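**Q** Next comes the sequence, and after it the predicted model I'd like to discuss.
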Amino acid sequence: ETGVTQTPRHLVMGMTNKKSLKCEQHLGHNAMYWYKQSAKKPLELMFVYNFKEQTENNSVPSRFSPECPNSSHLFLHLHTLQPEDSALYLCASSSQGGGVYEQYFGPGTRLTVT
Amino acid sequence: GESVGLHLPTLSVQEGDNSIINCAYSNSASDYFIWYKQESGKGPQFIIDIRSNMDKRQGQRVTVLLNKTVKHLSLQIAATQPGDSAVYFCAENQDGSARQLTFGSGTQLTVLP
């Protein structure tokens, strides 16, 4: 285990549904990330939070809404998604000090939009 | 834009042989590189990293080589085992201040019995 947990592990939702993905890290890190992983494509960075403040929004559609209530928890709220949003959504965390770049990933949420 | 890429999408090796996975990068200013392993149904897992002031770094059964002249990164796995079967990603930090990683598309390593 990496110390980063994600729930749910699998999610099937219709295009009119609203759902949320949850991520929690137990590593004492102060930065958290959301990535999208589609088949045969590199990991796509979606959002970055440092000390609960959003520092990066990588041109993500507004149907994805992140929330970071504290340094240990990160949410991704989903609404009116499209079938092309089906993918594995990965959460990661890292320490933002001392020249450390390594990110620790959770197991991901496999999302299917029908 | 500049990106991290992999030479081969798939690699098959016999159990016990050594594996070499290659990665090309295009940003000469990148100062940090990292290899991840992703098994089916799991998130990426850290393997080894290297900073741009080094040419080689060794871990347990793994070695990363960095050739800054040709912007090439490789991961060597010694005595490959069935448990090494996975997708391997290289990633680089292109902006030290942002501490963000840019990932390659991955190489599928299959270990044959």
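**A** Everything's here; your move.
**Q** contacting residues for A:Val113?
**A** Listed by CB atoms under 8 Å, 6 or more residues apart in numbering or on different chains, the contact set of A:Val113 reads A:13-15, A:81-86. (C-beta placed from N, C-alpha, C; glycine too.)
**Q** Swap in 7 Å and give it another go.
**A** A:13, A:15, A:81-83, A:85-86 (CB atoms under 7 Å, 6 or more residues apart in numbering or on different chains).
**Q** Same check on B:Glu15?
**A** B:Glu15 neighbours (CB under 7 Å, 6+ apart): B:80-82, B:111-113.
**Q** could you redo the last one with a cut-off of 10 Å?
**A** Residues counted as contacts of B:Glu15 (CB atoms under 10 Å, 6 or more residues apart in numbering or on different chains) are B:79-82, B:84-85, B:111-113.
**Q** And for A:His77?
**A** Counting by CB under 10 Å, 6+ apart, A:His77 has contacts A:18-21, A:63-67.
**Q** Just the buried ones among these, please.
**A** Buried by 16 or more other CB atoms under 10 Å in any protein chain shown: A:19, A:21, A:64, A:66, out of these.
**Q** Which of the residues you listed sits closest to chain B?
**A** Distance ranking of the buried ones among the contacts of A:His77 against chain B, using CB to the nearest CB, places A:Leu21 first at 13.2 Å.
**Q** Do I have it right that A:Phe75 meets A:Thr109?
**A** No: in this structure A:Phe75 lies outside contact range of A:Thr109 using CB atoms under 10 Å: 11.4 Å.
**Q** These two: who's more crowded?
**A** A count of neighbours by other CB atoms under 10 Å in any protein chain shown puts A:Thr109 above the other of A:Phe75 and A:Thr109, at 22 against 17.
**Q** Which SSE is immediately downstream of the helix or strand of chain A with the lowest mean pLDDT?
**A** Of all helical and strand segments in chain A, the minimum by mean pLDDT, DSSP states H and E falls on strand A:53-57, at a mean of 79. The element immediately downstream of strand A:53-57 (helix or strand, assigned by DSSP states H and E) is strand A:64-70.
**Q** what stretches of the chain score poorly on pLDDT?
**A** Using chain A. Within chain A, the stretches with pLDDT under 70 are A:1, A:97-100.
**Q** wait, chain B
**A** B:1-8, B:96-99.
**Q** can you give me the strands for it?
**A** Using DSSP state E, the strands of chain B run over B:4-6, B:10-14, B:19-25, B:32-38, B:45-51, B:56-58, B:62-67, B:72-77, B:86-93, B:101-103, B:107-112.
**Q** residue closest to the middle of chain A?
**A** By CA atoms, centre = their mean, chain A has its centre lying nearest to A:Trp34, at 2.8 Å.
**Q** got the angle for the strand or helix carrying that one vs strand B:86-93?
**A** Using DSSP H and E, the element containing A:Trp34 is strand A:31-37. Here the directions of strand A:31-37 and strand B:86-93 differ by 130 degrees (axes from the mean of the first three to the mean of the last three CA atoms, to 10 degrees).
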